[in-house]
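> Fold the stuff below for me.
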Amino acid sequence: MPSVVGLLEQRKLVARRRVDELREEADRIQAELAVAERDWKEWTIARSRVGEVLAPADETDHGRDQGDRTAPTADGQAEEASSTLEAAKAKAKSQVPVWREGLAWSALSVDYQRILRTLADRSRLGQGPMTCQEMAAVFGMDVVPARVEALRSKAKRLVARGWLAEPAPGRFMLVQGVSGPGGGS
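This next block holds a predicted model:
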């Protein structure tokens, strides 16, 4: 008859193998996601450059801030060129700009966009504010203090810049008006 400790060790080993398999799969998916996000950013930049090149000559003579204010996208929505320039500046320094009407989520780094996207999905589903532990679990991170604190720091920065609200300590949600990645309103 096997010992209880031996049976527990066997089950622990099986569980550990499963965890290792899932971590390997998560690492593979994270690598694919990084490549896909890089491609997406490159296409976004290419789209912006084409918009600048195709702008009428009289508009480009007045400067970048006045000319090319809006460029229609394929689905008919307007996209601000100034937001694209601000986005490039914000990403380069990994800073969070103060939210204002019309500022797109693309002004934020991918990590901040992921937080906003998760909270927007939660809001759309009629669910309440979210804790950083819950975000870490949703993102597939280990729910350990270092990861949770990194998320909390980012969420607090988004609160300070007007993108998120913190209705209760440690619980975060989108601010009214910040609704989607396209135009920020």
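> what about the helices in this structure?
All helices of the chain, identified by DSSP state H, fall at 4-54, 57-61, 81-93, 110-124, 132-138, 145-160.
> report the angle between the axes of the longest one and helix 110-124?
Our comparison of helix 4-54 with helix 110-124, counting by axes from the mean of the first three to the mean of the last three CA atoms, to 10 degrees, yields an angle of 100 degrees.
> Going forward, count from 123.
Yes, from this point I'll number from 123; that puts the last item at helix 126-176.
> Tell me which other helices or strands helix 126-176 touches.
helix 203-215 (3 or more CB pairs under 8 Å, 6 or more residues apart in numbering; DSSP states H and E). Just so you know, the C-beta spots here come from the backbone N, C-alpha and C atoms, and that holds for glycine as well.
> Leaving out sequence neighbours, find the closest residue to residue 251.
residue 293 (3.7 Å; CB to CB, 6 or more residues apart in numbering).
> I'd like to know how far the spatially most central residue of the chain sits from residue 226.
Residue closest to the average C-alpha location in the chain (CA atoms, centre = their mean): residue 235, at 1.8 Å. Distance, residue 235 to residue 226, by CB to CB, to the nearest Å: 10 Å.
> circling back to that earlier point, how many residues are close by the residue nearest to residue 251?
15 (other CB atoms under 10 Å).
> partners of it in the sheet?
Note on residue 293: beta-bridge partners by DSSP bridges are residue 253, residue 290.
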